[in-house]
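Visitor: Okay, predicted coordinates and the sequence, questions at the end:
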Amino acid sequence: MSKILVIEDEKNLRTLYKQDLERDGFDVVTAATAQEGLEMLESEAPDLVVMDIRLPGMDGLEAMSRVLDRHPRLPVVLNSAYSSYKDSFMSWSADAYVVKSADTGDLRARVKELVTARSGT
Amino acid sequence: MTSRRRTILGDTLAIVMAGGQGERLYPLTRDRGKPAVPFGGAYRVIDFTLSNCLNSGLRKIYVLTQYKSGSLERHVGIGWAQLFNHELDEWIQCVPPQLRIGQRWYQGTADAVYQNVYLLEQDRPTYVVILSGDHVYKMDYAKLIAAHEERGAIATVAAVEVPVGDASSFGVIAVDAASRITAFEEKPEHPTPVPGRPDTALVNMGVYVFDTETLVRALAADARQDTRHDFGHNILPGLVGTGEVFAFPFVDENKKSAPYWRDIGTLDSYYEASMDLVAVEPVFNLYDAEWPIRTMARHLPPAKTVFAQEEPGGRLGIVLDSLVSGGVIVSGGRVERSILGPEVRINSYAKVADSVLMDGVDVGRHARLTRAIVDKGVHVPAHFVVGEDPEQDKKRFQVTPGGVVVIPREALLD
């Protein structure tokens, strides 16, 4: 079973993403801060990371740089309430950029697509 | 707030790659990176690229440093920074590795720029020009950028024409009849010639213009892959076929019959490029007021020769076919076909021929130097001889494959 690491500071969203992604058949672990997420990267060895950008402490763009520096091929989905970060060059290293909405359909579709592409190679 | 008209050059950011270790220039790179190696008496190697920027009208410049960057940072900070005005949105700035993305040294030229992508995000230029800090040539980058814009290219690569037989040691660019790049060949055994000109090939000069967004996307994708993270090997070949990538034939501002572009990669190429300056009709001209090469200004007294005892056995201070920097005193010695850096002193009866002497070298009485490169501040004792007996020289110094003796900085000779 593919494992997804979700880095998200809002508790309700963490719960929502966990539920929905588990329903799609993924094993899901969550972190509330970038630091926590970076530690779990090693202990949990996820197959994909979903991360918020605006986080307390280290932001998601910097955290993504660190994730990719250690694991260049690990797919990363940026998941933000703001579409403005999409223009930032720093966000262009992500495999996907999803703007948060009440419906998790878009996020789930991108996760599924990237996990499938990864296991296919 | 100042309001300024948008110009192509004002919308272009220059990035000078100055992080090379310069292993093959050792020991000249023992205490400094390759771009900071003194060249042509008064200059450092990087001055040629920076002068090209200035003469081309590029006024937003980042110099990416890495190894032993102190000497280079001092040179750029003291010698160049005052020419750029922050209020007019101009700058030249050395950028050492920030370890923002990778916690490691740069893995290649593309990685060096990728790790500094935040600089591009800050400035958001339309175009980025990538330059090497260790080449000697004169080029108007404005012509390159104009050609890039006119053709609507995503990337344009400056290329120098060389005889096809000499191209095998370089990165060769294969083009179609419209100069559109079809392939990059790295040190090919059989270089692809220019269409219709079987005796000529195009060599990649390491001078590139990119649309910024194209560049960032290519760098971000490359960073995720296991490559050499190199512009010539990975980024540019990867762009061929995704959009218009053109070769721009080098327009040499040196205005000699053969185009002049030299990569100061080895001690022998350093020596040969130095000797190119001293010829009576130099193949590389430092004296063209229309394309000045500048450096860190130093207030030194004029060079001086003393003793004019022309009778046999007399003391005669004489310099022939040479470049002589400020503050030099040739006191009763003889210098031929050489480059004397600032504040060099040649004492009585000493003989210096076909050599490069960097700042402050002091050559004692009756000493003889032939085909030598002497790094800064070396005191050559009286009667010391170099360059006449290769076996003897090899015991004490590095001797290049071309037979040039290199005496490092702070060498203690006796």
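Guide: Noted; the coordinates are in hand.
Visitor: Rounded mean pLDDT for the longest strand anywhere in chain B, please.
Guide: Ordering each strand of chain B by length in residues (DSSP state E) puts strand B:200-211 first. Strand B:200-211 carries an average pLDDT of 97.
Visitor: how about the following helix or strand past it, does it get close to chain A?
Guide: Going down the chain from strand B:200-211, the next helix or strand is helix B:212-223, by DSSP states H and E. Yes - using C-beta under 8 Å from any C-beta of the partner chain, a contact is recorded between helix B:212-223 and chain A, made by B:Val216, B:Arg217, B:Ala220, B:Ala223. (Glycine included, C-beta is placed from N, CA and C.)
Visitor: show me what contacts A:Tyr97?
Guide: A:Val77, A:Leu78, A:Ser80, A:Tyr85, A:Lys86, A:Ser91 (C-beta atoms under 8 Å, 6 or more residues apart in numbering or on different chains).
Visitor: cool, B:Asn55 as well?
Guide: B:Asn55 makes contact with B:Lys138, B:Asp140, B:Glu253, B:Trp291, B:Pro292, according to C-beta under 8 Å, 6+ apart.
Visitor: now with 6 Å?
Guide: B:Trp291 (C-beta atoms under 6 Å, 6 or more residues apart in numbering or on different chains).
Visitor: and what of A:Ala81?
Guide: A:Lys100.
Visitor: repeat that for 8 Å
Guide: A:Arg54, A:Val99, A:Lys100.
Visitor: One more: B:Asp47?
Guide: Counting by C-beta under 8 Å, 6+ apart, B:Asp47 has contacts B:Phe39, B:Gly79, B:Ile293, B:Arg294, B:Thr295.
Visitor: Scan those residues and report the most crowded one.
Guide: Within those, neighbour counts (other C-beta atoms under 10 Å in any protein chain shown) peak at B:Phe39, which reaches 26 neighbours.
Visitor: near chain B, which residues of chain A show up?
Guide: Residues of chain A lying close to chain B by C-beta under 8 Å from any C-beta are A:Glu62, A:Ser65, A:Arg66, A:Leu68, A:Asp69, A:Pro72, A:Arg73, A:Ser88, A:Phe89, A:Met90, A:Trp92, A:Ser93.
Visitor: just to revisit the earlier point, return the list of strands paired to the longest strand of chain B, each annotated with direction.
Guide: When pairing is defined by DSSP bridges, strand B:200-211 lines up against strand B:127-132 (antiparallel), strand B:155-163 (antiparallel), strand B:171-175 (antiparallel).
Visitor: quick one, it and helix B:212-223 angle?
Guide: 100 degrees (axes from the mean of the first three to the mean of the last three C-alpha atoms, to 10 degrees).
Visitor: For strand B:200-211, buried residues please.
Guide: Within strand B:200-211, the residues scored as buried using 16 or more other C-beta atoms under 10 Å in any protein chain shown are B:Ala201, B:Leu202, B:Val203, B:Asn204, B:Met205, B:Gly206, B:Val207, B:Tyr208, B:Val209, B:Phe210, B:Asp211.
Visitor: ditto for stretch B:96-113
Guide: For stretch B:96-113, using 16+ other C-beta under 10 Å, the buried residues are B:Pro97, B:Ile101, B:Gly102, B:Tyr106, B:Gln107, B:Gly108, B:Thr109, B:Ala110, B:Asp111, B:Ala112, B:Val113.
Visitor: cool, stretch B:164-173 as well?
Guide: For stretch B:164-173, burial by neighbour count (16+ other C-beta under 10 Å) applies to B:Val164, B:Ala167, B:Phe170, B:Gly171, B:Val172, B:Ile173.
Visitor: Roughly how far does the last one sit from B:Arg197?
Guide: Think B:Ile173. Distance, B:Ile173 to B:Arg197, using C-beta to C-beta, to the nearest Å: 14 Å.
Visitor: ok, B:Ser331 touching B:Gly317?
Guide: Yes - counting by C-beta atoms under 8 Å, B:Gly317 is a contact partner of B:Ser331 at 5.5 Å.
Visitor: Where does the residue positioned nearest the centre of chain A sit: helix, strand or coil?
Guide: In chain A, the C-alpha nearest the mean C-alpha coordinate belongs to A:Val50, at 0.7 Å (C-alpha atoms, centre = their mean). Recorded secondary structure, A:Val50: strand (DSSP: H, G, I helix; E, B strand; the rest coil).
Visitor: With B:Glu410 instead?
Guide: coil.
Visitor: Can you give me the neighbour number for it?
Guide: Under the neighbour criterion other C-beta under 10 Å, B:Glu410 is assigned a count of 11.
Visitor: Now do the same contact list for it.
Guide: Contacts for B:Glu410 (C-beta under 8 Å, 6+ apart) come out as B:Gly377, B:Val378.
Visitor: Now, the contacts of A:Tyr97 that are in strands?
Guide: Using DSSP E, these in strands are A:Val77, A:Leu78, A:Ser80.
Visitor: where in the chain is pLDDT low?
Guide: You didn't say which chain, so I picked chain A. Across chain A, the ranges flagged by pLDDT under 70 are A:121.
Visitor: oops, I was thinking of chain B
Guide: Using pLDDT under 70, chain B drops low at B:1-5.
Visitor: Chain A contacts on that one?
Guide: So far as C-beta under 8 Å from any C-beta goes, chain B lies against chain A at B:100-104, B:117-118, B:120-121, B:216-217, B:220, B:223-226.
Visitor: what packs against whatever helix or strand B:Cys94 lives in?
Guide: Secondary structure from DSSP H and E places B:Cys94 in strand B:91-95. Judged by 3 or more C-beta pairs under 8 Å, 6 or more residues apart in numbering or on different chains; DSSP states H and E, the packing partners of strand B:91-95 are strand B:60-65, helix B:70-79.
Visitor: Enumerate the positions of the longest one that are buried.
Guide: Residues B:Ser71, B:Leu72, B:Glu73, B:His75, B:Val76, B:Gly79 are the ones in helix B:70-79 that count as buried (16+ other C-beta under 10 Å).
Visitor: mind giving me CSV with the residues you listed and columns for distance to B:Asp230?
Guide: Shown next, in CSV, are the buried residues of helix B:70-79 (distance: C-beta to C-beta, whole Å):
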residue, distance to B:Asp230
B:Ser71, 25
B:Leu72, 22
B:Glu73, 25
B:His75, 26
B:Val76, 24
B:Gly79, 29
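Visitor: Next up, the contacts around A:Arg72.
Guide: One correction, residue A:72 is Pro, not Arg. So A:Pro72 contacts B:Ala223, B:Arg224, B:Gln225, B:Asp226 (C-beta under 8 Å, 6+ apart).
Visitor: so who does the first one touch?
Guide: Contact criterion C-beta under 8 Å, 6+ apart gives A:Leu68, A:Pro72, A:Ser93, B:Ile101, B:Ala110, B:Asp111, B:Tyr114, B:His229 as the residues in contact with B:Ala223.
Visitor: Among the residues you listed, which lie within helices?
Guide: Cross-referencing the contacts of B:Ala223 against helices under DSSP state H gives A:Leu68, B:Ala110, B:Asp111, B:Tyr114.
Visitor: For the last one, which residues are in contact?
Guide: Residues in contact with B:Tyr114, defined by C-beta under 8 Å, 6+ apart, are B:Ile101, B:Leu219, B:Ala220, B:Asp222, B:Ala223, B:His229.
Visitor: Quickly note the distance from it to A:Ile7.
Guide: Relative to A:Ile7, and taking C-beta to C-beta, B:Tyr114 is found at 23 Å.
Visitor: correct me, but B:Leu202 touches B:Glu161?
Guide: Yes - B:Leu202 is within contact range of B:Glu161, at 6.2 Å (criterion: C-beta under 8 Å).
Visitor: how many neighbours does A:Tyr82 have?
Guide: Other residues near A:Tyr82 number 10, with proximity taken as other C-beta under 10 Å.
Visitor: actually A:Ser2, not the one I typed
Guide: 19.
Visitor: Same check on B:Val280?
Guide: Neighbour count of B:Val280, defined by other C-beta under 10 Å: 6.
Visitor: Then B:Ala289?
Guide: 5.
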